[in-house]
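J.: I'll drop the sequence and a predicted model, then ask my questions.
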Amino acid sequence: MSCYKIYPLHLGTITRPKAQLMATDKSGAVLDIPILAWYLTDGEKRILVDTGGLEPDGIHFMPYVRPESQRLEAALGRLGVLGADIDMVILTHLHWDHSGCLGIFPNAEFFVQRAELHYAIDPIPAHKNNYDLQRIFSVDYTILDGDTQITDGVSVIFSPGHSNGHQCVLVDTVDGPYMILGDMVNLMEAWTAVPPVANGYHVSLLDYHRSFQKLKHISAKVLPGHDPEVLKHPVYPAEENGELGIEDKKGAFQ
């Protein structure tokens with residue numbers, strides 16, 4: 001069985017009301033949160049989960065900043081990885097902050113859910129600005145229909161709710177499975193709440209509920225999609241001070 005290391009990549013910062021990240025929040029708080037992608041490797045295969053945001057233009061998606069050091073090429077470069085080295089790109093979904101940089105991977109196979117691709121083509125008006133169709137259709141995709149094993153040690157879990165074709169990514173490591181939650185869960189606080197809390201931006205609260213019910217049966221440590229806490233460790237499983245990463249203190253979602 002392949003065992004991967006998972007490297008969180010900080011690819012810019014957006015400022016958003018906490019209520020957008022947790023639908024039940026009444027605090028009025030506004031948070032600076034990272035845009036994240038994830039580099040996975042077992043020493044042979046090189047896999048990227050999500051690709052970060054579009055180029056900041058000072059107009060769209062504001063407040064949003066991304067210094068040169070947080071460009072995807074720079075973040076990968078610090079790990080000694082070039083775009084041409086990436087074998088696979090798995091997209092949790094196709095929103096602008098997860099699929100904004102697709103063109104630097106000439107040798108990669110791209111994976112997305114059919115439901116996500118179809119909705120991106122014709123979303124309701126309120127969701128239209130989330131999708132940059134020119135960027136999305138600049139590459140060819142391997143289209144998935146539901147839960148799929150991508151390669152030994154890496155699989156996707158179909159989890160609609162935030163978007164029509166959202167998928168989480170389950171990764172085998174020496175510390176057991178980790179689940180990259182994408183925008184299914186933005187903050188750890190939403191995951192550990194009872195019941196768990198959807199983010200404030202979603203296409204279907206009913207689908208969200210069903211996806212939570214599905215994910216709760218998967219015993220895995222979790223990595224939320226926009227939580228600054230994940231950046232406390234440069235790699236998961238974490239190697240410093242004997243810690244093994246962010247997880248529900250019960251060991252799995254209950």
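T.: That came in fine, so what should we check first?

J.: all helices for the chain, in order.
T.: For the chain, applying DSSP state H gives helices covering 18-21, 72-77, 114-121, 133-136, 188-192, 205-215.

J.: Any idea which of the ones you listed gets closest to Ile90?
T.: Proximity to Ile90 (CB to CB) singles out helix 114-121 among the helices of the chain, at 11.7 Å. In short, each C-beta sits where N, CA and C put it, glycine included.

J.: Let's have the helices of the chain in a markdown table, adding distance to Pro8 and mean neighbour count.
T.: As requested, the helices of the chain are arranged in a markdown table below (distance: least, CB to CB, whole Å; neighbours: other CB atoms under 10 Å):
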| stretch | distance to Pro8 | mean neighbour count |
| --- | --- | --- |
| helix 18-21 | 17 | 20 |
| helix 72-77 | 9 | 17 |
| helix 114-121 | 22 | 18 |
| helix 133-136 | 23 | 14 |
| helix 188-192 | 13 | 19 |
| helix 205-215 | 20 | 16 |
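
J.: now for those, which one comes closest to Tyr39?
T.: helix 72-77 (6.6 Å).

J.: Need the contact partners of that closest one.
T.: 9-11, 37, 39, 51-52, 68, 82-83, 86, 101, 104 (CB atoms under 8 Å, 6 or more residues apart in numbering).

J.: What residues does Val154 make contact with?
T.: Applying CB under 8 Å, 6+ apart to Val154 gives the contacts 2, 4, 40, 47, 90, 169-172.

J.: top of the contacts of helix 72-77 by neighbour count?
T.: For those, the largest number of neighbours (other CB atoms under 10 Å) sits with Ala37, at 27 neighbours.
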